Every structure is written in structure tokens, then in C-alpha cells.
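Asks: structural data only, the sequence is not supplied:
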């Protein structure tokens, strides 16, 4: 008999090239979609498939990462940056 386990994981969503990209930083797994909701659904499916692998170390408990914004001075950069 298999016991159902649930993990609460973080998702960081950003818009990139017309799509939404959802990333789970705990496992470095990402997916994308045309909407935030679709990207999150696809990320959930990708994580479930990733965690099916018997060799993946599954954490007993996860602590949510701290996600923030860091402003970096790029005034000396010669490359073009997106705002």
C-alpha cells in the first residue's frame, strides 16, 4: 500500500519572451505556460514526474526560501539589459 505524501514547495513566476516561466528553487525544476495558472499547473506536473525518480532525494520537510529583489548597479556594462 502506497502512502500519499504532500510537499509544499515554492514557485517563482516571471514573464519571459511572451510566456510565463515557473521555477521551483528547491529542486531547480522549471516549466512554462501562456498564463501564470498554466505555468504553475505545468510546474506541478513537472515536479511530480521529477519526484517519481527513485534516486531523487526527497526532503522530509522543506523551509520556504526567502525570495526578494536585489538591485545591482550595471552602469559599467556594455550589454543591453531588459528593464
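Replies: That came through fine. In this text the structure is predicted, and so the values were computed from the model without any measurement. Numbering: from 1, shown residues only.

Asks: and the residue nearest the centre of the chain?
Replies: Centroid-nearest residue in the chain: residue 23, 1.4 Å away (criterion: CA atoms, centre = their mean).

Asks: packing partners for the helix or strand where it lies?
Replies: Applying DSSP states H and E as the criterion places residue 23 in strand 19-24. In terms of contacts (3 or more CB pairs under 8 Å, 6 or more residues apart in numbering; DSSP states H and E), strand 19-24 is packed against strand 12-16, strand 29-33, helix 36-52. C-betas here are computed from N, CA, C, even on glycine.

Asks: got a list of contacts for that strand?
Replies: 9-15, 29-36, 38-40, 42-43, 47 (CB atoms under 8 Å, 6 or more residues apart in numbering).

Asks: now it against helix 36-52, angle please.
Replies: On the basis of axes from the mean of the first three to the mean of the last three CA atoms, to 10 degrees, strand 19-24 is oriented at 40 degrees to helix 36-52.

Asks: tell me what the closest residue to residue 13 other than its chain neighbours is bridged to.
Replies: Closest residue to residue 13 apart from its sequence neighbours, by CB to CB, 6 or more residues apart in numbering: residue 22 at 4.8 Å. Beta-bridge pairing for residue 22 (DSSP bridges): residue 13, residue 31.

Asks: quickly note the distance from residue 22 to residue 56.
Replies: Using CB to CB, to the nearest Å, we find residue 22 at a distance of 19 Å from residue 56.

Asks: settle it for me: which of these two has more neighbours?
Replies: residue 22 (24 against 9; other CB atoms under 10 Å).

Asks: confidence score at the more buried one?
Replies: With respect to pLDDT, residue 22 has a value of 98.

Asks: next one: residue 46
Replies: pLDDT at residue 46 comes out at 97.

Asks: listing request: residues of the protein with sub-threshold pLDDT.
Replies: Filtered on pLDDT under 70, the chain yields the residue ranges 1-4, 60-62, 77-83.

Asks: 90 instead, please
Replies: Counting by pLDDT under 90, the chain has low-confidence residues at 1-9, 26, 52-68, 74-83.

Asks: can you select the buried ones among the contacts of strand 19-24 for me in PyMOL?
Replies: Applying 16 or more other CB atoms under 10 Å to the contacts of strand 19-24, the buried members can be selected in PyMOL as follows:
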select buried, resi 9+11+13+29+30+31+32+33+39+40+42+43+47
